[in-house]
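Enquirer: Build the 3D model from these lines:
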Amino acid sequence: MITTRFDHQEQVLYVHNQGSISIDELVNASNDYMLKVNRSKNLRILEFADAELARTPGKEWKKFLDVLNGWIQNFSSVRHAVISVDPHVVANVMLVQQEICHPNYDLNIFSTEKAARKWLSEH
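Expert: Got it, this is the predicted structure:
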């Protein structure tokens, strides 16, 4: 399950991933982001990644990356902090880091919320 909440005061999109999720759920959640966030110049995302991603064929993974590429272009900058210690999540984040080549998208992974918040607030 993926839940999202945009905090208008902090200007941060909170994302919580739990249980087992599919690539279709990721695509739907990414589309949902665009409905919840202010189309501000700069978007900050704090993602708590505790979910297990179902095995995903390359074609489906590309679909998710295409959606992500599409909505990134709506902002001057996107800083996306993912919190997880799960090695599978870390590997998926590294894959996204390699595949998304937008100069305005900055993705990083952290083991603690404190470190993630500090990084998000630096810029």
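Enquirer: Next, find the distance separating the spatially closest residue to T4 that is not a sequence neighbour from A81.
Expert: Excluding the flanking residues, the one nearest T4 by Cβ to Cβ, 6 or more residues apart in numbering is V15, at 5.2 Å. For the C-beta atoms, the positions are set from N, CA and C on the backbone; glycine is no exception. Remark: distance between V15 and A81 (Cβ to Cβ, to the nearest Å) = 10 Å.
Enquirer: Quickly list what's touching both of the two.
Expert: Residues touching both V15 and A81 (Cβ atoms under 8 Å, 6 or more residues apart in numbering): I45, L46, E47.
Enquirer: how many neighbours does the first one have?
Expert: In other words, I45. 20 (other Cβ atoms under 10 Å).
Enquirer: Likewise for the second one?
Expert: Counted with other Cβ under 10 Å, the burial measure for L46 works out to 22 neighbours.
Enquirer: Direction included, what does the strand or helix carrying it pair against?
Expert: Following DSSP states H and E, one finds L46 within strand 42-53. Paired strands of strand 42-53, with direction, are strand 12-21 (parallel), strand 77-83 (parallel) (DSSP bridges).
Enquirer: What is the following helix or strand past that strand packed up against?
Expert: Next helix or strand after strand 42-53 toward the C-terminus (DSSP H and E): helix 58-72. Contacts defined by 3 or more Cβ pairs under 8 Å, 6 or more residues apart in numbering; DSSP states H and E place helix 58-72 against helix 23-36, helix 87-99.
Enquirer: mean pLDDT lowest for which of those?
Expert: When these are compared by mean pLDDT, helix 23-36 comes last with a mean of 80.
Enquirer: So what angle separates the directions of it and helix 58-72?
Expert: Angle, helix 23-36 to helix 58-72, by axes from the mean of the first three to the mean of the last three Cα atoms, to 10 degrees: 10 degrees.
Enquirer: Now helix 23-36: buried residues?
Expert: For helix 23-36, burial by neighbour count (16 or more other Cβ atoms under 10 Å) applies to I23, E25, L26, V27, A29, S30, Y33.
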